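Colleague: Following is a predicted model, sequence given first.
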Amino acid sequence: MAGNDASTLLGMADIVKRFPGVVALGGVDLDVRPGEVHCLLGQNGAGKSTLIKVLAGVHRPDEGVITWEGEEVHFAHPQAAMDMGIATIYQELDLVEGLTVAENIYLGHEMSRFGFSQRRAATKSAAALLKRLGHPEISPSAEVGTLSAAGQQIVSMARALSHHAKLIIMDEPSAVLDAGEVERLFHVIRDLTDEGVAIIYISHRLEEIRTVGDRVTVLKDGKTVATGLPAKETPTTEVIRLMTGRSIEYVFPSRGTVPDAEPLLRVDGLSRRGEFHDVSFTVRPGEVLGLAGLVGAGRSEIIETVYGARKNDAGTVEVAGKKLRPGSVQAAVAAGVGLAPEERKSQALLLGDSVATNISMASLTRFSRSGIIDRQAERTAAIDQVESLDVRPTGVDREMRTLSGGNQQKVVLARWLLRGCRVLLLDEPTRGVDVGARSEIYALVRKLADDGVAVVVVSSEIEEVLGLSDRVLVIGEGSVLHEAPADQLDEHQVLDIIMRGDAA
Amino acid sequence: MSVESTRKSPDSEGASSVGAPDVHVKTAGESAPPAATVASASRNPLNSLMAGSAGRNLGLVIALVLLCIVGVATAGDRFASVDNIMTILRLAAVIGVVSIGMTFVISGGGIDLSVGAIVALASVWATTLATQTMAADFHWILMVFTALAVGAGCGLVNGTLIAYGRIAPFIATLAMLAAARGLAEIIAQRRTQIVTNRDFIDFFQASVLGVPVLVIIFAIVAIIGWVLLNRTTFGRRTLAVGGNAEAARLAGIKVQRQTMYLYILLGLACGLAAVMLMARTTTGTSTHGGLYELDAIAAVVIGGTLLSGGRGTIVGTVFGVLIFTTLTNVFTLNNLGISTQAVAKGIIIIAAVLLQQRVAVRRGSP
């Protein structure tokens, strides 16, 4: 690949994108040349997804300039980016399962004459596209829902080609593929780049980037920290150094000593087919256990199974020596387990209801006599929680949706504190929480542990897991790769364990 | 090789002070707006009134008052007589009881299309020769129990299929709609069964202090419904399940059981409505309760209960029922046919829902 003489296909300069309370992108630079595979690296929350959405025309940048073939462009909507020749293949494939391969490929730009769809022509050209992608075995008339994940990905790619895309963005395409399929995917990518199509390739697997990539751009905290690094020559330690390092301002509370006690939560040989297998760990009262790992590693699945929200195939969960009935949330809640789930809005909150209603939700029987709720007692208890957790604004009659992410999270914690739970499972406790409120949540988690609660924290921010926990399990591909006290691990080591993907 | 490399790391232009590597900079505190201003804004009495239930129901009160004005203007004393008002209320009572039950199912995120059919089946079953003979030997209360049991039984079937069989409520109750009315036809052999028990009819057709018993029953059901929805754990769980079933499940609420209870409750309401209808018409027939599903859903929705679940209002439903019944009455007094009424109903439903959406948007925006 040549240097500066190659014309730039896509240029991004100083792109800034703000969301209420967060700066998602704080100055991103990127240039992509025709026919190259440009890899995008960065930890979770570094801004990769936002960047993709800006390129796909889903988000409009607040500042900065995007150039396409040398001219400044603005994408008003996704169709505009597509018309320009930018196609995006999302991790969650956006295909219509009930339609055929050909129908999916030409969805939105159907071949038609006088309003009648030309099925035969569409089938024929779909077949040609699939052949060009090296997958002639996929039938254009097959229903997409019947294809494997790999097959569906190829269909997405064919759709991109049908738009005459000059740039295809692939968001962790290998996440759903096995080794052989990845190999074939690389073939397809090489064929495309030979034809002059540029690829932005997002993956956290370094070896893939070395195999298929030309140049690398590293994002951290919404900023470009390095761009144009040669994919094959840059040493791993350098890449990891660029991806890590503290730059966000928040405090982790200091750890106390965990009292020597019998484990409160004991998970033994827990397995769920296709998600994780043979996961064992214990948590003592007063201890914070962290599960580190990337998105898709199976961490959320593990704690949701511990909680009974998913049913395990094998293994046991014990709380204070008593086995929990598998697949029963009620059993877990009755035993004193609480969960602050990953998707706070869709899994935990009644957004249209009041703060008080949300707090009392798991403790209703405590405030009721023969089914009638004592609303005064309920309110008083909610006010107590709001005050002790410092939820702002303080009104308990306020509609839930008007609270910020951090305060919504505090309400979820308040729910379980009110219930008096002994084991608290926190899945991405600071997702969508702004920097200031993060420190408060960390302090709160530590305080809970000091009060004798056994806490399990899942986070894709390695820094957070290390800072908050006493002990850390590194999870990858559904298994425990490593276990160590948090102060004996650093971010580099954890990332290294995850990226190598095998037990250390 | 081009290595434009490593820009903007430590030399970044002071947007946020990058401290020494292992120093944690604190930020907590004082970021939130002063709490006092927020609190005082929400304490403004007019605002809170408009945002509260009174504000939501104000539109309904206005609509009802307008209808009454039209009634007085076009039909004069024939509309504004005590007799006519009682007629409206008596007519409203039967569909009203069904609508109260429907409010629970819809608040809980469901829908029930089979209510009319259940009313028909319950009325037929409670007026068969066998039931009436037993009732004559024992007590007319047996007919009431029969109707309630049939209603609850149908509700149990609906609820089980929906909550545990995971059949979409629309489909499960559509099937019940067909099956229950069919069964009613089989039992009654398509004949109208006359209620022969005088005591039964006398009891339900009586008035207490000038208020018909049917209307009193409707009032009691509405009050019980209001308490149940707004003041009990049952109501709270209903709204939680309807508002966010996944959140309710993860908070330890038995979502499936709650869902089943809702359909049983509505089935019971249908059984009671059947009793009231039997008393009013002195018959039990498989054609009773025609299109009740539409009338009940319409009343619930224009009352302000969210069709998607999570928010329900009994007061709104009562107003919804009264608006539709009064509308029918005004149209009938003016000799306007059923067809004209149907058109007006359709327009009112759309207007009410459009209005609701406006309100929802305004509530969501700040």
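Modeller: That came in fine, so what should we check first? Quick caveat: nothing in here was measured; it's all calculated off a predicted structure.

Colleague: and the helix or strand hosting residue B:339, what does it pack onto?
Modeller: Element membership for residue B:339 (DSSP states H and E) is helix B:338-364. When contacts are defined as 3 or more CB pairs under 8 Å, 6 or more residues apart in numbering or on different chains; DSSP states H and E, helix B:338-364 sits against helix B:53-75, helix B:292-303, helix B:314-333. From N, CA and C alone the C-beta is placed, and that goes for glycine too.

Colleague: how about these in TSV, adding distance to chain A and mean neighbour count?
Modeller: Output for the helices and strands packed on helix B:338-364, formatted as TSV (distance: least, CB to the nearest CB, whole Å; neighbours: other CB atoms under 10 Å in any protein chain shown):
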stretch	distance to chain A	mean neighbour count
helix B:53-75	13	15
helix B:292-303	17	25
helix B:314-333	16	23
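
Colleague: Now mean pLDDT too, for these, in CSV please.
Modeller: Formatted as CSV, the helices and strands packed on helix B:338-364 follow (pLDDT from 0 to 100):
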stretch, mean pLDDT
helix B:53-75, 82
helix B:292-303, 93
helix B:314-333, 93
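
Colleague: Quick check: which ranges of the stretch 51-200 of chain A have low pLDDT?
Modeller: Within the stretch 51-200 of chain A, no stretch has pLDDT under 70.

Colleague: what separates stretch A:264-283 from the chain centre, distance-wise?
Modeller: Its chain's C-alpha centre and that of stretch A:264-283 lie 21 Å apart, by CA atoms, centre = their mean, to the nearest Å.

Colleague: Would you work out how far apart the start and end of that stretch are?
Modeller: End-to-end distance of stretch A:264-283: 6 Å, with CA to CA, to the nearest Å as the criterion.

Colleague: wait, which of the helices and strands packed on helix B:338-364 is closest to residue A:14?
Modeller: With CB to CB as the measure, helix B:53-75 is the member of the helices and strands packed on helix B:338-364 nearest residue A:14 (47.2 Å).

Colleague: same for that closest one, what does it pack against?
Modeller: Secondary-structure packing of helix B:53-75 (3+ CB pairs under 8 Å, 6+ apart): helix B:314-333, helix B:338-364.

Colleague: could you redo the last one with a cut-off of 6 Å?
Modeller: On a contact count with 3 or more CB pairs under 6 Å, 6 or more residues apart in numbering or on different chains; DSSP states H and E, helix B:53-75 meets helix B:314-333.

Colleague: on contacts alone, who are the packing partners of the helix it packs on?
Modeller: Packed against helix B:314-333 by the contact rule (3+ CB pairs under 6 Å, 6+ apart) you find helix B:53-75, helix B:82-107, helix B:213-231, helix B:292-303.

Colleague: Where does the prediction get shaky in chain A?
Modeller: By pLDDT under 70, the low-scoring segments of chain A are A:1-6, A:21, A:44-45, A:245-251, A:435-436, A:501-504.

Colleague: Please list the residues of it that sit near chain B.
Modeller: Counting by CB under 6 Å from any CB of the partner chain, the residues of chain A close to chain B are A:3, A:225-228, A:230, A:247, A:249, A:251, A:309, A:329-330, A:333, A:339, A:341, A:347-350, A:352, A:361-362, A:364, A:368, A:371-373, A:392-394, A:435-436, A:439-440.

Colleague: how about the nearest residue to residue B:154, chain neighbours excluded?
Modeller: In space, and not counting its chain neighbours, residue B:154 is closest to residue B:118: 4.6 Å by CB to CB, 6 or more residues apart in numbering or on different chains.

Colleague: pLDDT below threshold where in the stretch 51-200 of chain B?
Modeller: B:51-56.

Colleague: how does it look with 80?
Modeller: Scanning the stretch 51-200 of chain B for pLDDT under 80 picks out B:51-59.

Colleague: One more: the stretch 251-366 of chain B?
Modeller: For the stretch 251-366 of chain B, the stretches with pLDDT under 80 are B:352-353, B:355-366.

Colleague: of all of it, which residue lies closest to chain A?
Modeller: residue B:252 (3.5 Å; CB to the nearest CB).

Colleague: quick one on the thing from earlier: show me which of the residues of chain A next to chain B are buried.
Modeller: By neighbour count, with 16 or more other CB atoms under 10 Å in any protein chain shown, the residues of chain A next to chain B hold A:225-228, A:247, A:249, A:251, A:309, A:329, A:333, A:339, A:341, A:347-350, A:352, A:361-362, A:364, A:368, A:373, A:392-394, A:435-436, A:439-440 as buried.

Colleague: Tell me which residues touch residue 316, please.
Modeller: Picking chain A for this. Counting by CB atoms under 6 Å, 6 or more residues apart in numbering or on different chains, residue A:316 makes contact with A:268, A:323.

Colleague: not what I meant, chain B
Modeller: B:303-304.

Colleague: what do you get if the cut-off is 7 Å, keeping everything else the same?
Modeller: Residues near residue B:316 by CB atoms under 7 Å, 6 or more residues apart in numbering or on different chains: B:56-57, B:60, B:303-305.

Colleague: mind checking how far it is from residue B:77?
Modeller: Residue B:316 sits 30 Å away from residue B:77, going by CB to CB, to the nearest Å.

Colleague: do residue A:144 as well
Modeller: Counting by CB to CB, the gap from residue A:144 to residue B:77 is 69 Å.

Colleague: nearest residue to residue A:82 other than its sequence neighbours?
Modeller: residue A:163 (5.5 Å).

Colleague: so who does residue B:223 touch?
Modeller: Residue B:223 neighbours (CB under 7 Å, 6+ apart): none.

Colleague: Now do the domain split for chain A, please.
Modeller: Domain assignment of chain A by automatic domain parsing yields the ranges A:10-243, A:262-336+A:422-432+A:452-504, A:346-420.

Colleague: list the helices and strands the strand or helix carrying residue A:426 packs on?
Modeller: Assigned by DSSP H and E, residue A:426 belongs to strand A:423-427. Strand A:423-427 sits against helix A:299-306, strand A:337-340, strand A:454-459, with contacts defined as 3 or more CB pairs under 7 Å, 6 or more residues apart in numbering or on different chains; DSSP states H and E.

Colleague: Can you give me the buried ones in the next helix or strand after it?
Modeller: The helix or strand immediately downstream of strand A:423-427 is helix A:435-450, counting by DSSP H and E. When neighbours are counted by 16+ other CB under 10 Å, the buried residues of helix A:435-450 are found to be A:435-442, A:444-446, A:448-449.
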